[in-house]
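> what would the 3D arrangement of this be:
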Amino acid sequence: MAAYEGMWAAFVAAGTTANWQDPALAAHATGLALSTLTRGLYADAYNGLVTRGEPILDPVVSSVEPEDEPTTVVVADCGDDSDWLKYTADGQLADDVPGGRREINAIVERQADGAWKVSDFGVHGVGTC
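Numbering: from 1, shown residues only. Presented below is the predicted three-dimensional model:
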(Lines give C-alpha, C1' and ligand atoms only; values in the text may rest on other atoms or scores of the structure.)
Protein backbone atom coordinates (compact mmCIF):
# COMPACT_ATOMS: atom_id res chain seq x y z
CA MET A 1 0.00 0.00 0.00
CA ALA A 2 2.90 2.34 0.72
CA ALA A 3 4.10 2.05 -2.89
CA TYR A 4 0.62 2.73 -4.26
CA GLU A 5 -0.06 5.71 -2.02
CA GLY A 6 3.51 6.96 -2.54
CA MET A 7 3.05 6.85 -6.32
CA TRP A 8 -0.05 9.03 -6.13
CA ALA A 9 1.59 11.44 -3.66
CA ALA A 10 4.60 11.82 -5.98
CA PHE A 11 2.31 12.32 -8.99
CA VAL A 12 0.29 14.97 -7.15
CA ALA A 13 3.47 16.81 -6.15
CA ALA A 14 4.97 16.59 -9.65
CA GLY A 15 1.69 17.75 -11.17
CA THR A 16 1.82 21.11 -9.40
CA THR A 17 4.58 22.07 -11.84
CA ALA A 18 4.06 19.35 -14.48
CA ASN A 19 7.56 18.05 -13.68
CA TRP A 20 7.64 14.86 -15.72
CA GLN A 21 11.26 14.25 -14.68
CA ASP A 22 10.63 14.26 -10.92
CA PRO A 23 12.77 11.43 -9.47
CA ALA A 24 10.15 10.72 -6.78
CA LEU A 25 7.99 9.14 -9.48
CA ALA A 26 10.56 6.38 -10.10
CA ALA A 27 10.84 5.75 -6.36
CA HIS A 28 7.28 4.39 -6.36
CA ALA A 29 6.55 3.34 -9.96
CA THR A 30 8.22 1.35 -12.71
CA GLY A 31 7.43 -0.01 -16.16
CA LEU A 32 4.05 0.90 -17.65
CA ALA A 33 3.00 2.79 -14.51
CA LEU A 34 6.03 5.07 -14.63
CA SER A 35 5.61 5.57 -18.37
CA THR A 36 1.94 6.52 -17.94
CA LEU A 37 2.76 9.04 -15.21
CA THR A 38 5.66 10.69 -17.04
CA ARG A 39 3.81 10.84 -20.37
CA GLY A 40 0.84 12.51 -18.70
CA LEU A 41 3.04 15.07 -16.98
CA TYR A 42 5.02 15.69 -20.17
CA ALA A 43 1.78 16.37 -22.05
CA ASP A 44 0.68 18.77 -19.31
CA ALA A 45 4.02 20.60 -19.43
CA TYR A 46 3.84 20.82 -23.23
CA ASN A 47 0.31 22.21 -23.02
CA GLY A 48 1.08 24.63 -20.17
CA LEU A 49 -1.10 22.83 -17.61
CA VAL A 50 -0.63 22.05 -13.93
CA THR A 51 -2.81 20.27 -11.40
CA ARG A 52 -4.09 21.68 -8.14
CA GLY A 53 -5.62 19.90 -5.20
CA GLU A 54 -5.32 16.19 -4.65
CA PRO A 55 -7.34 13.03 -5.10
CA ILE A 56 -9.01 11.20 -2.24
CA LEU A 57 -7.94 7.56 -2.26
CA ASP A 58 -9.55 4.55 -0.59
CA PRO A 59 -7.32 1.60 -1.59
CA VAL A 60 -7.64 -2.00 -0.47
CA VAL A 61 -5.60 -5.08 -1.29
CA SER A 62 -7.71 -7.29 -3.51
CA SER A 63 -5.21 -10.14 -3.97
CA VAL A 64 -1.64 -11.26 -3.33
CA GLU A 65 0.47 -13.78 -5.27
CA PRO A 66 1.79 -16.12 -4.11
CA GLU A 67 -0.04 -16.08 -0.81
CA ASP A 68 2.80 -17.48 1.30
CA GLU A 69 5.47 -14.98 0.14
CA PRO A 70 3.85 -12.31 -2.00
CA THR A 71 5.73 -10.76 -4.89
CA THR A 72 2.66 -9.23 -6.53
CA VAL A 73 -0.18 -7.33 -4.88
CA VAL A 74 -3.29 -6.13 -6.69
CA VAL A 75 -4.78 -2.95 -5.27
CA ALA A 76 -8.38 -1.88 -5.87
CA ASP A 77 -9.37 1.71 -5.23
CA CYS A 78 -12.27 4.08 -5.66
CA GLY A 79 -10.48 7.38 -6.01
CA ASP A 80 -12.20 10.74 -6.11
CA ASP A 81 -10.56 13.42 -8.25
CA SER A 82 -13.30 16.04 -7.79
CA ASP A 83 -10.83 18.39 -6.08
CA TRP A 84 -7.82 17.53 -8.26
CA LEU A 85 -8.13 19.48 -11.48
CA LYS A 86 -6.01 20.90 -14.29
CA TYR A 87 -5.33 24.60 -14.59
CA THR A 88 -3.59 26.81 -17.15
CA ALA A 89 -0.43 28.70 -16.28
CA ASP A 90 -2.47 31.86 -15.64
CA GLY A 91 -4.59 30.05 -13.02
CA GLN A 92 -7.73 29.40 -15.07
CA LEU A 93 -9.50 26.05 -14.88
CA ALA A 94 -8.38 24.17 -18.01
CA ASP A 95 -11.81 22.73 -18.83
CA ASP A 96 -15.31 22.38 -17.48
CA VAL A 97 -15.17 18.59 -17.07
CA PRO A 98 -15.85 17.75 -13.43
CA GLY A 99 -13.94 15.05 -11.64
CA GLY A 100 -15.57 12.31 -9.61
CA ARG A 101 -15.25 8.82 -8.19
CA ARG A 102 -13.31 6.42 -10.41
CA GLU A 103 -12.35 2.77 -10.14
CA ILE A 104 -8.57 2.35 -10.05
CA ASN A 105 -6.77 -0.99 -10.27
CA ALA A 106 -3.03 -1.30 -9.74
CA ILE A 107 -0.38 -4.00 -9.74
CA VAL A 108 2.37 -3.57 -7.18
CA GLU A 109 5.43 -5.83 -7.51
CA ARG A 110 8.46 -6.50 -5.38
CA GLN A 111 11.55 -5.51 -7.33
CA ALA A 112 14.87 -7.36 -7.46
CA ASP A 113 16.28 -4.98 -4.83
CA GLY A 114 13.36 -5.76 -2.50
CA ALA A 115 11.54 -2.45 -3.06
CA TRP A 116 7.82 -2.49 -3.86
CA LYS A 117 6.74 -0.43 -6.88
CA VAL A 118 3.57 0.02 -8.89
CA SER A 119 4.21 -1.61 -12.27
CA ASP A 120 0.86 -0.92 -13.92
CA PHE A 121 -2.45 0.76 -13.16
CA GLY A 122 -5.70 1.65 -14.82
CA VAL A 123 -8.04 4.52 -14.02
CA HIS A 124 -11.62 4.10 -15.21
CA GLY A 125 -14.24 6.72 -16.01
CA VAL A 126 -16.14 8.90 -13.57
CA GLY A 127 -18.93 6.99 -11.88
CA THR A 128 -17.32 3.55 -12.11
CA CYS A 129 -17.38 3.10 -8.33
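> what segments of the protein are helices?
With DSSP state H, the ranges of helices along the chain come out as 2-15, 23-28, 31-46.
> which parts of the first one are buried?
By that I understand helix 2-15. Neighbour-count burial for helix 2-15, with 16 or more other CB atoms under 10 Å as criterion, is recorded at Ala3, Tyr4, Gly6, Met7, Trp8, Ala10, Phe11, Ala14, Gly15. For glycine as for every other residue, the C-beta is placed from the backbone atoms N, C-alpha and C.
> how close does Arg101 sit to His124?
Distance, Arg101 to His124, by CB to CB, to the nearest Å: 10 Å.
> kindly report the same for Val64.
Val64 sits 22 Å away from His124, taking CB to CB as the criterion.
> swap in Ala43?
Taken as CB to CB, the span from Ala43 to His124 is 20 Å.
> what sits against Val75?
For Val75, the contacting residues are Met1, Tyr4, Pro59, Val60, Val61, Ser62, Ile104, Asn105, Ala106, Ile107, Val108, by CB atoms under 8 Å, 6 or more residues apart in numbering.
> what's the answer for Ala27, then?
Contact analysis of Ala27 by CB under 8 Å, 6+ apart lists Gly6, Ala10.
> same question for Ala14.
Trp20, Asp22, Ala24, Leu25, Leu37, Leu41.
> which among the residues you listed end up buried?
The neighbour-count test (16+ other CB under 10 Å) marks Trp20, Asp22, Leu25, Leu37, Leu41 as buried among those.
> reformat these as JSON lines; add pLDDT and distance to Val73.
Shown next, in JSON lines, are these (pLDDT from 0 to 100; distance: CB to CB, whole Å):
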{"residue": "Trp20", "pLDDT": "98", "distance to Val73": "26"}
{"residue": "Asp22", "pLDDT": "98", "distance to Val73": "24"}
{"residue": "Leu25", "pLDDT": "98", "distance to Val73": "19"}
{"residue": "Leu37", "pLDDT": "98", "distance to Val73": "19"}
{"residue": "Leu41", "pLDDT": "98", "distance to Val73": "25"}
